[in-house]
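K.L.:
what's the 3D shape of this:
(one chain, ligands or ions: 1)
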Amino acid sequence: MFTRALVALLLPLAWAWARRHERAILQSGKPLREGELVDARRAGVQHPERVRVLVLPSVPPRLPRALRELAERCAWGPATVTGMALGYGIFVRAEQRGSRRLLIHELAHVAQYERLGVRPFLKLYLHQCLTSGYPHGLLEAEAKQIARDLLAPNTG
Ligand SMILES: [Zn+2]
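P.N.:
A predicted model of the protein is given here:
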């Protein structure tokens, strides 16, 4: 009950933050290359051509204070996060640039955004962070599974 109230309280803030950063990534990020477009489709993304990737020294950038406190509670923040999807925008931490596993994982989240809608995704994601801890929720589990499946030998 407390968790649901907390999610309801934080959702507008998280949504505004996500929208702002998605716009920034879409403006200055790079489109997917040919092989990455194939991975995106296989990860379930309906519109891979809309995806943009922005490499940063540290992810996520500039969290609002209330979200930072929440993030610390569920061990989600610059120390543990190497990539992040916000709608069609993907942040990648610089040292993970070129990691196919990470990109597929984030593309799986993009597919989840498409499937659920941005606001419902964030609501579910926040709830899973608060109840299971990062990165142990079901949305994370699905993204990890998709990356494992696509990277496994003898699949195609
Ligand atoms: Zn993830």
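
K.L.:
moving C-terminal of the least confident helix or strand in the chain by mean pLDDT, what's the next helix or strand?
P.N.:
Scoring the helices and strands of the chain by mean pLDDT, DSSP states H and E places helix 65-73 at the bottom, with a mean of 82. For helix 65-73, the following helix or strand on the C-terminal side (DSSP states H and E) is strand 83-86.

K.L.:
average pLDDT across that next one?
P.N.:
For strand 83-86, the mean pLDDT works out to 96.

K.L.:
Can I get that strand in CSV, CA atoms only?
P.N.:
Provided in CSV are the C-alpha atoms of strand 83-86 (Å, rounded to 0.1, in the frame of the first residue of the first chain):
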residue,chain,number,x,y,z
GLY,A,83,22.7,2.0,-19.6
MET,A,84,19.2,3.3,-19.6
ALA,A,85,16.3,3.5,-22.0
LEU,A,86,13.8,6.4,-21.9
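
K.L.:
Which strands or helices does it pack on?
P.N.:
In terms of contacts (3 or more C-beta pairs under 8 Å, 6 or more residues apart in numbering; DSSP states H and E), strand 83-86 is packed against helix 2-28, strand 89-93, helix 100-116. Using the backbone N, CA and C atoms, a C-beta is placed for each residue, glycine as well.

K.L.:
Could you find the closest non-adjacent residue to the residue nearest to the spatial centre of the chain?
P.N.:
Central residue of the chain (C-alpha atoms, centre = their mean): residue 85, 2.8 Å from the mean position. Closest residue to residue 85 apart from its sequence neighbours, by C-beta to C-beta, 6 or more residues apart in numbering: residue 109 at 3.7 Å.
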